[in-house]
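[1] What follows is a predicted protein model with its sequence.
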Amino acid sequence: MKQAYFIRRLIMFFVVIVLAATLNFIIPRLSPGDPIGAVLEELRARGASTGGDAEDEIVAAYRARFGLDQPIHIQYFRFLFNTLRFDLGHSISYYPQKVEAALLRSLPWTAGLLAISTVMSFAAGSFFGAMMAWPRAPAFMRRFVPMFMVLSAVPYYLLGLILVYIFAFVMRLLPLGGAYSSGTIPRLDLDFLLDVIRHGILPALSIVLTSVGCWALSMRSVMVTVLGEDYLTLAEAKGLPDRRIFFAYAMRNALLPQVTSLAIALGDGGFWGSIGRGGLQLSRHRLAAL
Amino acid sequence: MNQDIALQVNNLRVSYMTGNREVKAVDDVSFSLYAGERLGIVGESGSGKTTLALALMRLHKPPAYIMGGEAILNGRDLLALEREEMRQTRWSKLSLIPQGSMNSLNPVVKIKHQMADAIEAHESGWTRSQIGKRIGELLGRVGLPESVAEMYPHELSGGMKQRVCIALAIILEPSVIIADEPTSALDVVVQRVVMQTLNDVQEELNAAMIIIGHDMGLMAQSADRLAVMYAGKMVEVSPIKSFFHDPQHPYSKLLISSLPSPEEKRDLAGIPGSQPSLLELPSGCAFHPRCPIAIEQCQQAIPPLRHIRSDRRVACDLVEDQAS
């Protein structure tokens, strides 16, 4: 029974991978433009190519190097096979760099940033959400509701752009981009750590600010339900101090669905977010994964 | 009665405010609860029983408000206590066995922690092992194995949960226990056993107990006195035996005649009509539209709850006084 289930899931897993890889193979080929043409464009812009026969030779060489001279079905099976053994090949635009090197370089930063800011916004959002529903919380807590609603409606990249414009471009308080100052060598000491944090503040802030609203609002609605439960009346009847009822009876129970969402957000947002962004970069740089 | 009074309620009024209208759920209710006695309060749904119980513990939630009256426990008016004083009074002097015991225990906290925090909220200086011992002893007293302490509520049956609630209610040995329909969610066999447990522990503690419910059979077995509520008012308060043998208020009479009896074969009578909406109470006595003996006068004045005997009170002008 368990084995059958496991095997079924495993087969599903492979089908999904192959389907995803197939889509990844087809879509770039449907889009207009040609990766090698783009590279040539760049070469021309730098004055490195003058066109003519020499250029045709370069194109042919590139095509042969990336296997683009082969018939389409051969390309497809080579692509599938290479993907299955995690060989993403060389990057066309960053040639001769390997694609996975480019991915691996940015993956830990993206994943780390997303994980930390997701946990931060989860903690803050859940606490604020609980307070917004608590009848004996200070009255100003309830005024956060519309603010969180607005924030949760703003996409993080838009808020990110606004924040970068204000704090990095106009006020010049924080760096414009990158994970650490160019020229510094990554090492484990306080200076480097502070540098990384300085670079992380804006992207983290854009993610935290846009997602904290969702956490707070969902926490608030679960909390309202929990507050109507019989065990809360009994907790109050027992004469427990407010603080104890809030944390041990109301918030603890309301957190259950929140924790489920957190796991989904970390797995889904963190993993797919970073892979997805890697993918975005792939297409932006027109890296044919061959 | 020259017993000590455990809880004296005077002219208690609790209303639900809906818009600009005031719905009087508990209207001018006064009664005494004597030490060690079991007072049953019966009434139809919506007659104000549960509102009364919650208001005595000040657990009523808006839109319910206490509009007036007093509830004196140990010489102090519960309704006038500061928030913190009220918190300290709850459970140590006045505990509750809730209506929905199925959901009255926190599903994600072990039984022992839910019992321990009642002690911790009121007493200081108990060691962990003392608390553990006390919990084990209480669980034993309500007929549960000690291992229940380590369980979560979902691991218990309905009857077991109700026993846990009983054990919880006596953990600080309060002088008054309010049991709000303590057995309504249980099947009849479990009901009897749980009720027996409840009566036993109440007798051991010599605590006074208010039992709220609408199961007349249960009341006949457990209560010492019975109070009948109708549309927010108490219409009869009487010793249990006199009540069942010789009900006085017309509503009480109809209630009794609607109960099956094993001794005599007769047709069961219902009570014609239904309870009035509290928003549109009839003038005068609220029961007059359904009352078989109502006369003109009943539509004008609200009959007061008066003594017809030293130990019986009835809110009906047509009932004659009895010799004690």
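    Okay, I see it.
[2] Burial check on the residue in chain A positioned nearest to chain B, number of neighbours?
    Going by C-beta to the nearest C-beta, chain B is nearest to A:Gly239 of chain A, at 3.5 Å. C-beta: built from backbone N, CA, C; applies to glycine. Residues near A:Gly239, counting by other C-beta atoms under 10 Å in any protein chain shown, number 23.
[3] Tell me the pLDDT of it.
    Per-residue confidence (pLDDT) for A:Gly239: 91.
[4] Look up the closest residue to it, ignoring the ones flanking it.
    Once flanking residues are discounted, A:Gly239 sits nearest to B:Arg90: 3.5 Å by C-beta to C-beta, 6 or more residues apart in numbering or on different chains.
[5] ok, now B:Ile5?
    Here the residue nearest B:Ile5, using C-beta to C-beta, 6+ apart, is B:Ser32, at 5.0 Å.
[6] Remind me which helix or strand the one you found belongs to.
    strand B:21-34 (DSSP states H and E).
[7] Would you mark the buried spots in that strand?
    Across strand B:21-34, burial judged by 16 or more other C-beta atoms under 10 Å in any protein chain shown covers B:22-29, B:31-34.
[8] what sits up against stretch A:119-126?
    The contact list for stretch A:119-126, computed with C-beta atoms under 8 Å, 6 or more residues apart in numbering or on different chains, reads A:148, A:204, A:207-209, A:211-216, A:219, A:251, A:255, A:258, A:262, A:265-266.
[9] from the chain's centre, how far out does it sit?
    The chain centre lies 17 Å from the centre of stretch A:119-126; the measure is C-alpha atoms, centre = their mean, to the nearest Å.
[10] what about dumping the CA coordinates of that stretch to PDB?
    Taking Å, rounded to 0.1, in the frame of the first residue of the first chain, the C-alpha atoms of stretch A:119-126 are listed here in PDB:
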ATOM      1  CA  VAL A 119      10.200  34.300   8.600                       C
ATOM      2  CA  MET A 120      10.500  37.900   9.800                       C
ATOM      3  CA  SER A 121       7.300  39.000   8.100                       C
ATOM      4  CA  PHE A 122       5.600  35.800   9.400                       C
ATOM      5  CA  ALA A 123       6.500  36.600  13.000                       C
ATOM      6  CA  ALA A 124       5.600  40.300  12.800                       C
ATOM      7  CA  GLY A 125       2.500  39.700  10.800                       C
ATOM      8  CA  SER A 126       1.200  37.000  13.100                       C
END
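[11] Quick check: buried residues in it?
    By 16+ other C-beta under 10 Å, the buried positions in stretch A:119-126 come out as A:120-122, A:124-126.
[12] So which of these are in helices?
    Members of the buried residues of stretch A:119-126 lying in helices (criterion: DSSP state H): A:120-122, A:124-126.
[13] all helices in chain A, in order from the N-terminus.
    Using DSSP H, the helices of chain A run over residues A:2-30, A:35-45, A:53-66, A:72-84, A:99-133, A:144-153, A:156-163, A:190-227, A:230-237, A:242-244, A:252-264, A:273-284.
[14] Of the ones you listed, which is nearest B:Pro304?
    Taking C-beta to C-beta, helix A:230-237 is the member of those nearest to B:Pro304, at 32.5 Å.
[15] and the angle from the closest one to helix A:190-227?
    Helix A:230-237 and helix A:190-227 are oriented at 100 degrees to each other (axes from the mean of the first three to the mean of the last three C-alpha atoms, to 10 degrees).
[16] Contacts for helix A:230-237, please.
    A:226, A:244-245, A:249-250, B:54, B:57, B:59, B:90-91, B:95-96, B:98-100, B:102-107, B:165.
[17] Which one of the helices of chain A lies nearest to B:Glu84?
    So among the helices of chain A, helix A:242-244 is nearest, using C-beta to C-beta, at 9.9 Å.
[18] who's in contact with the closest one?
    Identification of contacts with helix A:242-244 by C-beta under 8 Å, 6+ apart yields A:136, A:235, B:117, B:121.
[19] all strands for chain B, in order.
    In chain B, the strands defined using DSSP state E lie at B:5-18, B:21-34, B:38-42, B:64-73, B:76-77, B:94-97, B:176-180, B:208-213, B:225-230, B:233-239, B:306-309, B:312-314.
[20] Please identify the most buried of those strands.
    Scoring the strands of chain B by mean neighbour count under mean count of other C-beta atoms under 10 Å in any protein chain shown gives strand B:94-97 as the most buried, with a mean of 28.
[21] What would that one look like as CSV? C-alpha coordinates only.
    In CSV, the C-alpha atoms belonging to strand B:94-97 read as follows (Å, rounded to 0.1, in the frame of the first residue of the first chain):
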residue,chain,number,x,y,z
LEU,B,94,-16.8,30.8,41.7
SER,B,95,-16.2,28.2,39.1
LEU,B,96,-18.0,27.2,35.9
ILE,B,97,-18.8,23.9,34.3
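[22] if we can go back for a sec, which of the contacts of helix A:230-237 are buried?
    Buried by 16+ other C-beta under 10 Å: A:226, A:245, A:249-250, B:54, B:57, B:59, B:90-91, B:95-96, B:98-99, B:103-106, B:165, out of these.
[23] one step back: ok, now which ones touch the residue nearest to B:Ile5?
    B:Ser32 makes contact with B:5, B:7-9, according to C-beta under 8 Å, 6+ apart.
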